[in-house]
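[1] how would this look folded up:
(one chain, ligands or ions: 3)
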Amino acid sequence: MSWLDLPSGTPFGPANLPLGVFSPAGDDRRRTGVAIGDLVLDLAAATGDPVHATGTLNAFLARGPRAWAELRAQLTGWVTDPAHRGAVEPHLHPRDGVALHLPVEVADYVDFYSSRHHAENLGRILRPGTPPLSPNWRHLPIGYHGRAGSVAVSGTAVVRPHGQSQTRDEPPVFGPTQRLDLEAEVGFVVGAGSAPGTPVPVSAFPDHVFGVCLVNDWSARDLQAWEYQPLGPFLSKSFLTSVSPWVVPLAALAAARVPAPERDPEPLPYLRDDDHPWGLDLALEVRVNGHLVSCPPFGCTYWTGAQQLAHLTVNGAALRTGDLYASGTVSGPAPDQWGSLVELSWGGRQPLPLPDGTARTFLEDGDVVTITATAPGTDGSRIGLGEVTGRVEPARC
Ligand SMILES: O=C(O)/C=C/C(=O)CC(=O)CC(=O)O
Ligand SMILES: [Ca+2]
Ligand SMILES: [Mg+2]
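    Numbering: from 1, shown residues only. Ligands and ions are numbered 1, 2, ... in the order given. Below is the predicted model of the structure:
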């Protein structure tokens, strides 16, 4: 319950309280805000704490889990107890009037590959005649280090990238990608860093990860197919990675926790998570030009965010505030649960019909891709992760 006049069924009710960075209409100073209903509460003004006027969440997140919990308890009190109305109300802004910015200055960016259904689909599409999963897949969360500097906030234009591609033993050609794709993913935002040389165990996940966002890991499949062996994706994914502006705290997802699927074989000890199930029952939706094309269920992802973090640090690599790692494309078992067009069009061989009478293999200039997600909240409501959206613009140069 809240004294605020919240729209019924709002995904940003008092059980959510995601943090983001905004600037109010007519004022370009960035500050931390919390989304509540159709409003944003200015935390710099409401708390008087300069950490919320720094223009990114980093300095606040670096304070660690005790500070995160204290702020959350304070905010919960503010939005539920009418005694705080007079102090809080002057610092609320209509959400549709503010500009939303990249919430964190991204330190390092990692992309995992942890949906078994996605990995098997890609194996079948790209490597027919070989086993769909590589021999290491069920032993470790496969990933690669991506480009932190091209992570951008939702709404950033997706300029069709140029690059090399090659078909059927012909010499490679240079030009705009003909196979621009989306990848629906969940991102984990690291708040508290770790010491070099000290692996972070699965159990310490909530001590380091503040919360989650939505990620679209835009991918140029033709560039990728030519460049990816033997070192993995490079320019085919580094031109842009879009993230949603609101970071939903792990604390808001307590009711969404589910055990991950059965692992076979049992993982090595540092990846065991029996006592720390961090599967998350997030219901994703992917729209192209407003048409729902897929509903990927995050809960069936094979490796959890906690296992990904343990693997990412098991060699002693230190975490830094602002590190972002993405789950990998989220796909469920059914075709209407696949999180990329390369799957939905089965490698471009089966165009995906849209309700407007057109069909897609890959993205066309002008297409708008929007990924949203909801989850069960701790008060019985459904909470939202907001959206990550982007419009494809024609290639430049
Ligand atoms: O299997 C491949 O060759 C390629 C896989 C991907 O492109 C997926 C990727 O970026 C990781 C992921 O999002 O799951
Ligand atoms: Ca990806
Ligand atoms: Mg880097």
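[2] interface residues of the chain facing ligand 2?
    For the chain, the residues found near ligand 2 under the criterion C-beta under 5 Å from the ion are 111, 183, 217. From N, CA and C alone the C-beta is placed, and that goes for glycine too.
[3] find the nearest non-adjacent residue to the last one, please.
    Spatial nearest neighbour of residue 217, chain neighbours left out: residue 183 (4.0 Å); criterion: C-beta to C-beta, 6 or more residues apart in numbering.
[4] next up, the contacts around the one you found.
    215-219, 329, 339-340 (C-beta atoms under 8 Å, 6 or more residues apart in numbering).
[5] quick one: which of the residues of the chain next to ligand 2 sit in strands?
    Here DSSP state E is the test, and the residues of the chain next to ligand 2 give residue 111 as lying in strands.
[6] out of the residues of the chain next to ligand 2, which comes closest to residue 293?
    residue 183 (13.1 Å; C-beta to C-beta).
[7] any idea how far the closest one is from ligand 3?
    According to C-beta to the ion, to the nearest Å, residue 183 stands 20 Å off from ligand 3.
[8] what's the answer for residue 231, then?
    16 Å.
[9] what about that residue, helix or strand, and which?
    For residue 231, there is no helix or strand it lies in under DSSP states H and E.
[10] tell me how many other residues crowd it.
    Neighbour count of residue 231, defined by other C-beta atoms under 10 Å: 8.
[11] got it, and residue 5?
    Neighbour tally, residue 5, other C-beta under 10 Å: 8.
[12] what does the one 3 residues further on give?
    Other residues within reach of residue 8, judged by other C-beta under 10 Å, total 5.
[13] OK, contacts around it?
    Contact analysis of residue 8 by C-beta under 8 Å, 6+ apart lists nothing.
[14] check contacts around residue 112.
    Residues in contact with residue 112 (C-beta under 8 Å, 6+ apart) are 141-143, 303, 308, 325-328.
[15] which strand residues bridge the residue nearest to residue 217?
    Beta-bridge pairing for residue 183 (DSSP bridges): residue 340.
[16] and it, how far is that from residue 229?
    19 Å (C-beta to C-beta, to the nearest Å).
[17] same check, this time on residue 394
    From residue 394 over to residue 229 the distance is 30 Å, taken as C-beta to C-beta.
[18] which one of the two is surrounded by more residues?
    Neighbours were counted for residue 394 and for residue 229 using other C-beta under 10 Å; residue 394 has more, 10 against 7.
[19] not counting its neighbours along the chain, what's nearest the more buried one?
    Among residues not flanking residue 394 along the chain, residue 365 sits closest, at 4.7 Å (C-beta to C-beta, 6+ apart).
[20] could you check how many residues crowd around the one you found?
    For residue 365, the neighbour count with other C-beta under 10 Å is 14.
[21] check contacts around it.
    Applying C-beta under 8 Å, 6+ apart, the residues near residue 365 are 160, 392-394.
[22] where does the residue of the stretch 101-250 of the chain found nearest ligand 2 land on pLDDT?
    Per C-beta to the ion, residue 217 is where the stretch 101-250 of the chain lies closest to ligand 2, at 3.5 Å. On the pLDDT scale, residue 217 is placed at 98.
[23] show me this protein divided up by domain.
    19-101, 109-393 (automatic domain parsing).
[24] if we can go back for a sec, look up how far residue 69 lies from the residue nearest to residue 217.
    Taking C-beta to C-beta, one finds residue 183 at 32 Å from residue 69.
[25] and the contacts of residue 112 as TSV, adding pLDDT and distance to ligand 1?
    Formatted as TSV, the contacts of residue 112 follow (pLDDT from 0 to 100; distance: C-beta to the nearest ligand atom, whole Å):
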residue	pLDDT	distance to ligand 1
141	98	10
142	98	8
143	98	8
303	98	11
308	98	12
325	99	11
326	99	7
327	98	8
328	98	3
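[26] and which of those is nearest to residue 387?
    Within the contacts of residue 112, proximity to residue 387 (C-beta to C-beta) peaks at residue 326, which comes in at 16.0 Å.
[27] quick check: bridge partners of that closest one?
    Beta-bridge pairing for residue 326 (DSSP bridges): residue 111, residue 187.
[28] ok, now which ones touch it?
    Neighbouring residues of residue 326 by C-beta under 8 Å, 6+ apart: 109-112, 185-188, 215, 217, 241.
[29] ok, and the most crowded of the residues you listed?
    residue 185 leads those on contacts (other C-beta under 10 Å) with 31 neighbours.
[30] which helix or strand contains it?
    Going by DSSP H and E, residue 185 is in strand 184-190.
[31] mind listing the helices for the protein?
    Along the chain, counting by DSSP state H, helices occupy 43-47, 58-61, 65-80, 85-88, 116-126, 205-208, 221-227, 305-313, 341-344.
[32] what residues does the stretch 1-150 of the chain have near ligand 3?
    So the stretch 1-150 of the chain meets ligand 3 at 108, 148 (C-beta under 5 Å from the ion).
[33] what residues of stretch 382-393 count as buried?
    382-392 (16 or more other C-beta atoms under 10 Å).
[34] give me the pLDDT for the closest residue to residue 74 other than its chain neighbours.
    Computed as C-beta to C-beta, 6+ apart, the closest residue to residue 74 that is not its neighbour in sequence is residue 47, at 7.8 Å. Predicted confidence (pLDDT) for residue 47: 98.
[35] distance of residue 47 from residue 34?
    Distance from residue 47 to residue 34, by C-beta to C-beta: 10 Å.
[36] flag the shaky bits of the stretch 251-397 of the chain, pLDDT-wise.
    Within the stretch 251-397 of the chain, no stretch has pLDDT under 70.
[37] correct me, but residue 336 touches residue 296?
    No - between residue 336 and residue 296 there is no contact under C-beta atoms under 8 Å: 9.3 Å.
[38] neighbour count for these two, which is higher?
    Ranked by neighbour count (other C-beta under 10 Å), residue 336 and residue 296 place residue 296 first, with 29 against 11.
[39] now that one: phi and psi?
    Main-chain dihedrals, residue 296, degrees, to the nearest 10: phi -70, psi 130.
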